[in-house]
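>>> everything below, folded, please.
(one chain, ligands or ions: 1)
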Amino acid sequence: MRIFSGIQPTGSKHLGNYIGAITQYVAGQERGEAIYAIVDLHATTVAYESADLREKTYDTLALLLAAGLDPDRCILFRQSDVPQNSELTWLLCSVTSFGDLNRMHQFKEKAAAQRELVSAGLFFYPVLQAADVLAYRANEVPVGDDQRQHIELMRDIAERFNARFGETLVVPEHRIPEVGARIMDLQNPESKMSTTGGSEQGTVLVLDEPAKIMKKFRSAVTDSGEEIVRAPDKPGISNLIEILAAVRGVSFADIEKEFADARYGEFKSAVADGVIDYLAPVRERYSEIRADDKGLEATLARGAQKAREIAAPVLADVQRAMGVGPLR
Ligand code: TYM
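The predicted structure follows:
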């Protein structure tokens, strides 16, 4: 079983990234051969500061290590260090439908948010994502719910490639957790928590100080009524129940039962306490790991070396199947 996922080095990572994806990456190390990329090339598809990107890549790497990724038990690399990912992107374009790319929700949302240039890179973003996974013949892709459509597209791309050029690529499955796949913004529980599209007060960052986390939860928007239950007309409370269930590793029913007689205020403080305890060890480990730029760069170099060894023969198979590149 080979597992692959990618994470962008943009913004600061938030509770949604942590619960929906990062905990799954850590668990993946036990379940199979796990490969994770910090996708700096994806980050260049929207407006960004080139002077910051390398630093943000280190920030993201330090966070992943603090969360429990171990470079001896997984392959952890920077996307741009593995040219095979980029080259495969171009080759896969020949079996990617323009119409499908045009239907991607994230493209539409991000394109609408750009003030100046809507780059072609933003349009091709999902093909690069497909190449990331397909270059490693990964079986499983742990992600949050917002990546569902991108994974469907990568499956279509792999299937179309195999049908057109012969059985070459593995068609991967997504792995979306049952609890916590879509953590919502605390101020606007109708939209997902996000550092780019969400509200600052409604987005809990993994590295937020405990007092700040408490403040954000205390001011979380709740719904009418008093009952602490999950319901379609209670998006705020439902989100808080989901968060507490995820961080404690219990069911929604357990949380509803425990807080059956509680008031909203009391419940919000309990969720904050749960999240503070959950994130504390990560924040404590982070500073020390982040201080060592050289060590982080060495970790990335080691990961890239291993990644290239896997991706190079896959790319060679793709080239052979497509009739490009040298005669081997
Ligand atoms: P990124 O960096 O935006 O997000 C990283 C992961 O966090 C998940 N996530 C969430 N989960 C629950 N609730 C939320 N509110 C929430 N917000 C984000 C995302 O689903 C993601 O799993 N396109 C990818 C990066 C990527 C990738 C790949 C993923 C590039 N190549 C190959 C898988 C395989 C992205 O935007 O991640």
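>>> CA atoms for contacts and neighbours, from now on please.
Will do.
>>> count of neighbours near Glu30?
The tally of other residues near Glu30 (other C-alpha atoms under 10 Å) stands at 11.
>>> same question for Ile7.
Neighbours of Ile7 (other C-alpha under 10 Å): 23.
>>> and it, what's its pLDDT?
As predicted, Ile7 sits at a pLDDT of 98.
>>> can you check Glu159 too?
98.
>>> and what of Asp59?
Looking at Asp59, the pLDDT reads 97.
>>> that one touches Arg290, doesn't it?
Yes. Counting by C-alpha atoms under 8 Å, Asp59 does reach Arg290; the two are 6.5 Å apart.
>>> who's more crowded, these two?
Neighbours per residue, other C-alpha under 10 Å: of Asp59 and Arg290, the larger number sits with Asp59, 23 against 20.
>>> what about the more buried one, distance to the ligand?
The gap separating Asp59 from the ligand is 13 Å, by C-alpha to the nearest ligand atom, to the nearest Å.
>>> before we move on, what about Ile35?
Using C-alpha to the nearest ligand atom, Ile35 is found at 10 Å from the ligand.
>>> and that residue, how far from Leu41?
According to C-alpha to C-alpha, to the nearest Å, Ile35 stands 17 Å off from Leu41.
>>> who's more crowded, these two?
More crowded of Ile35 and Leu41, by other C-alpha under 10 Å: Ile35, with 26 against 20.
>>> mind checking the SS state of the more buried one?
strand (DSSP: H, G, I helix; E, B strand; the rest coil).
>>> give me the beta-bridge partners of it?
Phe4, Ile75 (DSSP bridges).
>>> my guess is it meets Ser5, correct?
Yes. Using C-alpha under 8 Å, Ile35 is in contact with Ser5, at 6.7 Å.
>>> check which helices and strands the helix or strand encompassing Ile241 sits against.
Per DSSP states H and E: Ile241 is located in helix 235-248. Counting contacts by 3 or more C-alpha pairs under 8 Å, 6 or more residues apart in numbering; DSSP states H and E, helix 235-248 packs against helix 252-258, helix 264-290.
>>> so which bits of the longest one are buried?
Along helix 264-290, the positions that meet the burial threshold by neighbour count (16 or more other C-alpha atoms under 10 Å) are 264, 267-276, 278-280, 282-283, 285-286, 289-290.
>>> what pLDDT does the closest residue to Ile237 other than its chain neighbours get?
Excluding the flanking residues, the one nearest Ile237 by C-alpha to C-alpha, 6 or more residues apart in numbering is Thr222, at 5.8 Å. Looking at Thr222, its pLDDT is 92.
>>> now the helix or strand hosting Leu296: buried residues?
For Leu296, the element it lies in under DSSP H and E is helix 293-322. Judged by neighbour count using 16+ other C-alpha under 10 Å, the buried positions of helix 293-322 are 296-297, 299-304, 306-308, 311-312, 314-316, 318-321.
>>> quick one: average pLDDT of that helix?
98.
>>> neighbours around the residue nearest to Ile237, how many?
A count of nearby residues for Thr222, using other C-alpha under 10 Å, gives 21.
>>> quick one: distance of stretch 55-66 to the chain centre.
Taking the mean of its C-alpha atoms, stretch 55-66 sits 13 Å from the chain's own mean (C-alpha atoms, centre = their mean, to the nearest Å).
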